[in-house]
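Asks: Sharing a model prediction with you, sequence too.
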Amino acid sequence: MILTQPTAAETSQTSPAIAVGVDCGAGLTKVCLGIGSSQIKARTPSKVLEIKEELHDILQSNEGGHFFYHSGDRLDLVGREFLTGTLASWKAPTTHIKLSDDPTLKAEYGLHTLLGALATLPHRPEWNLHLVLSIHNVKVFKDLLTEKTNGSHTVSFNGKNTPPSQVNLNVSLVVPEGAGSYSYCVSVKPEPLIDRSAHAIAIDFGTSTVIPTVFAPGGAIIHRQVLFVGGCIDLLDAIASDSELIQFLGTGKAGSVEIIRQGIENTTFQYGTRNFNFRHIYARHLKPWLSDRLRLAFKEIEEWRDAAQSFVAWGGGVEMPLVGKMLQSQGITPVPSGCWANALGLQRMAFGRMQRGK
């Protein structure tokens, strides 16, 4: 098997290459490794923190990683240590880096979030990964993301002194966000969600953005526009700033967006361990939030709407309670596992390219 852009470390690889899709979102990083029954998925919040002092204890979570960079192609990282995902927010709740803060951070810290995701998986002495990555602006960030991710990296996971892992990364392709979701939708069984032979429209409800996209037959992007309003984070902020929640907390400050996100994801709507259920507040804010974004999205894709044979919505926002029904009432098909659709499709693309030696 021939891999493109080989590094020196790859000449001594002993374990087989694994096709991997990496969706480095502003809110969540999703990594999908392998195919079929052996497929592994890892998801961590897109947060990073550099550790500059000894930890009191080793922190561990299935949604956060810890790595020490011994050596490799990222010379700027040698001798440095990082927490990612929930571990970053545990250690430094207000000062960690959130990739949603600045579009450039996805390229700058793409390697960190990928290594952090690998840290949540069982230890392997060697990882040989054939990657397809997605980024929101390929023209601007493709080269930077590739340069900062590609190559060989020797790291220790979950502590400085744990057995090192050799992580060999071959970036095969960088595609726009949504390309993986399209690939997933045209191939999902038993019935594809998108007809590949016709025009299709998709709305991506992400953490920080909402992106309507128009696809030509075959999947080429005709039109793609990031709306000027924010994604799910705007809804979470509205709930956190709701006067009823602020009054209950009694501090005069907004609630925690992270605690609210967890309450929505587990569908209990409980505010952490406090005796407060915010289901009614969620319902109150959800309709205006979604209606406003659909109105703007419809305006953006109006020219193509009548010709499109498929109209779908994907992204983490689609999986929030009540959203699916509201989308269906507008003639939009919510994609099951919407949060994972892009990573799953990217993995399929990586597998196909690896099979073809690309």
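Replies: Done, it's in.
Asks: Any stretches of this structure with poor pLDDT?
Replies: 1-13 (pLDDT under 70).
Asks: how about the strands in the stretch 51-200 of the chain?
Replies: Here the stretch 51-200 of the chain has its strands, by DSSP state E, counting those that start in this stretch, at 66-72, 80-84, 97-98, 126-135, 151-157, 164-176, 200-205.
Asks: Kindly compare burial across those and name the winner.
Replies: Mean neighbours per residue, mean count of other Cβ atoms under 10 Å, is largest over the strands of the stretch 51-200 of the chain for strand 200-205, with a mean of 27. Yep, even glycine has a C-beta here, placed from its N, CA and C like the rest.
Asks: CA atoms only: put it into CSV for me.
Replies: The C-alpha trace of strand 200-205 is given here as CSV (Å, rounded to 0.1, in the frame of the first residue of the first chain):
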residue,chain,number,x,y,z
ALA,A,200,-29.7,18.7,-2.7
ILE,A,201,-29.9,21.3,0.0
ALA,A,202,-28.5,20.8,3.5
ILE,A,203,-28.4,23.0,6.6
ASP,A,204,-25.6,22.4,9.1
PHE,A,205,-26.6,23.3,12.7
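Asks: Can you list the strands that that strand pairs with?
Replies: Within its sheet, and counting by DSSP bridges, strand 200-205 is paired with strand 210-215 (antiparallel), strand 310-314 (parallel).
Asks: tell me the contacts of the residue of the chain most remote from its centre?
Replies: Ranked by distance from the centre of the chain (Cα atoms, centre = their mean), the top residue is residue 250, with 34.0 Å. Contacts for residue 250 (Cβ atoms under 8 Å, 6 or more residues apart in numbering) come out as none.
Asks: Likewise for residue 95?
Replies: The neighbourhood of residue 95, defined by Cβ under 8 Å, 6+ apart, consists of residue 49.
Asks: what does residue 207 give?
Replies: Residue 207 touches 25, 26, 27, 28, 46, 100, 231, 232, 233, 316, counting by Cβ under 8 Å, 6+ apart.
Asks: residue ranges of the helices in the stretch 251-358 of the chain, please?
Replies: With DSSP state H, counting those that start in this stretch, the ranges of helices along the stretch 251-358 of the chain come out as 257-265, 279-305, 323-328, 341-355.
Asks: starting at the chain centroid, how far to the third one?
Replies: Mean C-alpha position of helix 323-328 versus that of the full chain (Cα atoms, centre = their mean, to the nearest Å) differs by 22 Å.
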